[in-house]
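Peer 1: Coordinates for the following, if possible.
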Amino acid sequence: MDEFKRLAAECMRVAREKDTGTLQYDFYLNADETECIVYERYSDSAALQEHLQNLGDLMGQVMAISTTTGEVLGEPSPELAQGLASYGVPVYRPWQKL
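Peer 2: Below you'll find the model as predicted:
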């Protein structure tokens, strides 16, 4: 977990310094710190693509030491949707919203 926390802190630093459309990037640990959920929100598809580009190398390191899954909620651009599909990331489109 120490290596994960180090990499997560570096991801946060990069996101703060380089991302321009990231609205939310929050890390949540369970009580015994064996699992982490990252809650992310972006202004649009381009912002998510920028974030992924900024964190590319770091995300590879995170994925090498952990099991990761992801889901996208929203309406990604066709380009982003194609990229997500190639990695098997499910997309949930809006149905009902308040």
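Peer 1: Would you mind measuring from residue 5 to residue 87?
Peer 2: According to C-beta to C-beta, to the nearest Å, residue 5 stands 25 Å off from residue 87. C-beta coordinates here come from the backbone N, C-alpha and C atoms, glycine included.
Peer 1: If you count surrounding residues, which of the two has more?
Peer 2: Ranked by neighbour count (other C-beta atoms under 10 Å), residue 5 and residue 87 place residue 5 first, with 13 against 7.
Peer 1: And the strands in this structure?
Peer 2: 22-29, 36-42, 72-73, 91-92 (DSSP state E).
Peer 1: Distance to residue 98, mean neighbour count and mean pLDDT for these - can I get that in JSON lines?
Peer 2: Formatted as JSON lines, the strands of the chain follow (distance: least, C-beta to C-beta, whole Å; neighbours: other C-beta atoms under 10 Å; pLDDT from 0 to 100):
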{"stretch": "strand 22-29", "distance to residue 98": "18", "mean neighbour count": "13", "mean pLDDT": "98"}
{"stretch": "strand 36-42", "distance to residue 98": "16", "mean neighbour count": "14", "mean pLDDT": "97"}
{"stretch": "strand 72-73", "distance to residue 98": "14", "mean neighbour count": "14", "mean pLDDT": "97"}
{"stretch": "strand 91-92", "distance to residue 98": "16", "mean neighbour count": "12", "mean pLDDT": "97"}
